[in-house]
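Visitor: with the input below, show me the fold.
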Amino acid sequence: MQFEPEKEHEWLKKLVGEWTYEVEAMMGPNQPAEKFTGSESGRSIGGFWVQCEGRGQMCDAGDTAGTAITVLTLGYDPQKKRFVGTWIGSMMSHLWVYDGFLDPSQRVLTLNSEGPNFAAEGKLGKFKDVIEFKSDDHRLLTSHMLGDDGTWQQFMTAHYHRTKSAT
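Guide: Sure, this is the predicted structure:
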């Protein structure tokens, strides 16, 4: 079988390149926001997938700053007509599985997932990560958790700035 990348696969190539990021995150209820920085390297895999590996300060590390390593994979499933992917991080054992869609403007990718509920130990919650391209060299990631009241509560904001395009 021969497969050809579709326009959605082309869209994913926007993530390819070298990036730096600044994050502000709420690490728990009634806790102040923490800030940390890092870098990310994104590459295309066969024109169908992108893999982005991040390295940065470990949140909650304080003066004993550790390194957080994250790996994001994203692709597009033409059968489902949905974006699909995964996210893992060195700070937890949960595999986040994404299912998402691109908005009509083709600037905002919303990825839905399920993961550990930070407010209720041992329970899973519904999450969404929203990737919005402000320009070709600046993207914004916001992470949200669905609250018990049915509203989405934003707990993280990350600004990514491209330092080098793919060659």
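Visitor: sketch out the low-pLDDT regions of this protein for me.
Guide: In the predicted model of the chain, residues 59-65, 167 satisfy pLDDT under 70.
Visitor: could you pull out the helices for it?
Guide: Secondary structure of the chain, counting by DSSP state H: helices at 7-12.
Visitor: which residue is nearest the centroid of it?
Guide: Central residue of the chain (Cα atoms, centre = their mean): residue 129, 5.9 Å from the mean position.
Visitor: run through the bridge partners of the residue nearest to it when sequence neighbours are not counted.
Guide: In space, and not counting its chain neighbours, residue 129 is closest to residue 111: 4.7 Å by Cβ to Cβ, 6 or more residues apart in numbering. Every residue, glycine included, has its C-beta placed from N, CA and C. Taking DSSP bridges as the rule, residue 111 bridges to residue 100, residue 129.
Visitor: who are the contact partners of residue 111?
Guide: Applying Cβ atoms under 8 Å, 6 or more residues apart in numbering, we find residue 111 in contact with 74, 83, 85, 98-100, 128-131.
Visitor: could you dump those into a markdown table and include distance to residue 20?
Guide: Putting these into a markdown table (distance: Cβ to Cβ, whole Å) gives the following:
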| residue | distance to residue 20 |
| --- | --- |
| 74 | 20 |
| 83 | 24 |
| 85 | 22 |
| 98 | 23 |
| 99 | 28 |
| 100 | 24 |
| 128 | 24 |
| 129 | 19 |
| 130 | 20 |
| 131 | 16 |
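Visitor: which among those end up buried?
Guide: Neighbour counting by 16 or more other Cβ atoms under 10 Å classes 74, 83, 85, 98, 100, 128-131 among the contacts of residue 111 as buried.
Visitor: so the residue nearest to the centre of the chain sits against residue 139, correct?
Guide: No. Using Cβ atoms under 8 Å, residue 129 is not in contact with residue 139, being 11.6 Å away.
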